[in-house]
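**Student:** dropping a prediction and its sequence here:
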Amino acid sequence: MGLDIVDTFQMDRAGVAGPPTGAAGGGLSGTYPNPTVATNANLTGPITSTGNATAVASQTGTGTKFVMDTSPTLVTPVLGVASATTVNKVALTAPTTGSTLTVADGKTLTASNTLTLTGTDSSSVAFGTGGTIGGVGYAATGQVPGTATNDSATAGNVGEYVAATSNNSTATVTITIASPAVISWTAHGLTAGTGISFTTTGALPTGLTAGTGVYFVIPTGLTANTFEISATPFGAAVNTSGSQSGTHSGFSSITAASSGVWFNVNAIQLTAGDWDIFGAIHFGAAGTSASSWSASLSGTSATVSTLSDTISGSNGPSDVRASAVLSSVENLAAGRGRALLSGTTTIYLVGSVTYTGGAPAVWGYISARRMR
């Protein structure tokens, strides 16, 4: 304990040692033969003592002090090899042998949702300025990484293709009087968003118009041989009532709207992502005199694309202007565009034709693809 105890011996005249006598010194006080420990022998600092009793105080900070609390507060400690299950409420799972987490100096790593990152060792992903996966902020140029599996696609696929195609085919159909009406068309091959029309030798059920009525296949109830329809692309199902007669025919084409008016031909629904979109329209009707006809990809129903539209790069309609009688099919590309979508969006294939005489029949296709 660092005590300096000095024993004093006195020799008698015969040279024989006797018990110490007199005043005690050093770390002792009082007189011999019964001195006591001096008061100034008590310890101070992180370890204190009073007489023979000692106590240890919890200490943090700099210097040679130490910590004995169960839950201490440490100021800028330096840890070497350490083990922990939770740090600042963040649970840590210890690897079997070891792992490395590195964040570059001055950088921030933020996870706002639960994520699982997988891939091949030593792979890396580089983003352009403002790059965001699953949104609209993609780099203008660069490589598109692919993996064996990806979002909502089956294993082995690295992309998605969506299309709505009408080909002017026709077939005898039956139509239920119900809410909603169900169309039966054997092996129709139609996809959601395809424009169709009907004719009849008698009368269609109430709710449907023969000839000029334009309808669109909807996803609900779509099978190989039956489907439901709406009056607008991906709209509410049509209900029928009343009675019907005669033989009904279905056409995977529509009748053009009034001369010079934009109308929907087909449409597709696209989920969030970076899409390349293509389209074309076919016009044809013997005896129809047309002075111009147009096709466009648009983010707005029955409206020509503009520079502020959802689709970039389509640059408005593709026009063919000529005075002609449509004795055969006229094909017109709607161009191509890129749509950066943050959520599910309907893209329309729209057309317009300026004509005299009977309204021409119109059909076409719109398709989109993306890598993900």
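**Tutor:** Thanks, I have it.

**Student:** show me where the stretch 251-372 of the chain has its strands.
**Tutor:** 254-255, 263-270, 273-284, 289-298, 311-312, 318-325, 330-341, 345-356, 361-371 (DSSP state E, counting those that start in this stretch).

**Student:** ok, and the helix or strand in the protein with the lowest average confidence?
**Tutor:** strand 10-11 (a mean of 48; mean pLDDT, DSSP states H and E).

**Student:** hey, least reliable of the strands of the stretch 251-372 of the chain by pLDDT?
**Tutor:** Mean pLDDT values for the strands of the stretch 251-372 of the chain show the minimum at strand 318-325, a mean of 54.

**Student:** so what's residue 349 closest to, chain neighbours aside?
**Tutor:** Computed as CB to CB, 6 or more residues apart in numbering, the closest residue to residue 349 that is not its neighbour in sequence is residue 366, at 3.9 Å. Every C-beta, even on glycine, is put in place using the N, C-alpha and C of the backbone.

**Student:** for the one you found, give its distance to residue 226.
**Tutor:** Separation of residue 366 from residue 226 (CB to CB, to the nearest Å) stands at 23 Å.

**Student:** among those two, which residue is more densely surrounded?
**Tutor:** Between residue 366 and residue 226, counted using other CB atoms under 10 Å, residue 366 has the larger neighbour count: 27 against 16.

**Student:** which strand residues bridge that one?
**Tutor:** Taking DSSP bridges, one obtains residue 164, residue 279 as the residues bridged to residue 366.

**Student:** who are the contact partners of it?
**Tutor:** By CB atoms under 8 Å, 6 or more residues apart in numbering, the residues touching residue 366 are 163-165, 193, 265-268, 277-279, 297, 334, 347-349.

**Student:** from these, which is closest to residue 213?
**Tutor:** residue 265 (14.7 Å; CB to CB).

**Student:** thought the closest one was touching residue 166?
**Tutor:** Yes. Between residue 265 and residue 166 there is a contact under CB atoms under 8 Å: 7.1 Å.

**Student:** neighbour count for these two, which is higher?
**Tutor:** Shown here are residue 265 and residue 166; by other CB under 10 Å, residue 265 has more neighbours (31 against 28).

**Student:** quick check: the gap between residue 211 and residue 172.
**Tutor:** 16 Å.

**Student:** okay but residue 216 is in contact with residue 227, surely?
**Tutor:** No. The pair residue 216 / residue 227 is not scored as a contact, 10.0 Å apart, by CB under 8 Å.

**Student:** what is in contact with these two at once?
**Tutor:** Contacts common to residue 216 and residue 227, judged by CB under 8 Å, 6+ apart, are absent.

**Student:** how about low-confidence regions in the protein?
**Tutor:** 1-18, 26-27, 37-46, 50-52, 56-69, 125-158, 286-287, 306-310, 312-328, 372 (pLDDT under 70).

**Student:** domains for it, by residue range?
**Tutor:** Partitioning the chain according to automatic domain parsing yields domains covering residues 12-55, 169-252, 264-371.

**Student:** let's have those domains in CSV, adding distance to residue 258.
**Tutor:** Shown next, in CSV, are the domains of the chain (distance: least, CB to CB, whole Å):
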stretch, distance to residue 258
domain 12-55, 95
domain 169-252, 10
domain 264-371, 8
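
**Student:** most packed of these?
**Tutor:** domain 264-371 (a mean of 19; mean count of other CB atoms under 10 Å).

**Student:** overlap of the contact sets of residue 265 and residue 166?
**Tutor:** Counting by CB under 8 Å, 6+ apart, the residues touching both residue 265 and residue 166 are 195, 254, 363-364.

**Student:** adding distance to residue 79, write the residues you listed out as a markdown table.
**Tutor:** Formatted as a markdown table, the shared contacts of residue 265 and residue 166 follow (distance: CB to CB, whole Å):
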| residue | distance to residue 79 |
| --- | --- |
| 195 | 68 |
| 254 | 72 |
| 363 | 71 |
| 364 | 67 |
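
**Student:** leaving out chain neighbours, which residue sits closest to residue 266?
**Tutor:** Distance criterion CB to CB, 6+ apart; nearest residue to residue 266, sequence neighbours excluded, is residue 164 at 4.1 Å.

**Student:** the one you found reaches residue 191, doesn't it?
**Tutor:** Yes. With contact defined as CB under 8 Å, residue 164 reaches residue 191; the gap is 5.1 Å.

**Student:** tell me which of the domains of the chain sits nearest to residue 114.
**Tutor:** domain 264-371 (18.6 Å).

**Student:** which SS class is residue 55?
**Tutor:** strand (DSSP: H, G, I helix; E, B strand; the rest coil).

**Student:** change the start of the numbering to 845 and stick with it
**Tutor:** Shifting the count to begin at 845 puts that one at residue 899.

**Student:** if I look at it, how far off is residue 1059?
**Tutor:** 91 Å.

**Student:** for residue 1032, same thing?
**Tutor:** 13 Å.

**Student:** is it true that residue 1089 touches residue 1047?
**Tutor:** Yes. Contact criterion CB under 8 Å: residue 1089 and residue 1047 qualify, at 5.0 Å.

**Student:** give the contact list for the nearest residue to residue 1135 once chain neighbours are set aside.
**Tutor:** Excluding the flanking residues, the one nearest residue 1135 by CB to CB, 6+ apart is residue 1198, at 4.8 Å. Residues in contact with residue 1198 (CB under 8 Å, 6+ apart) are 1103-1104, 1134-1137.
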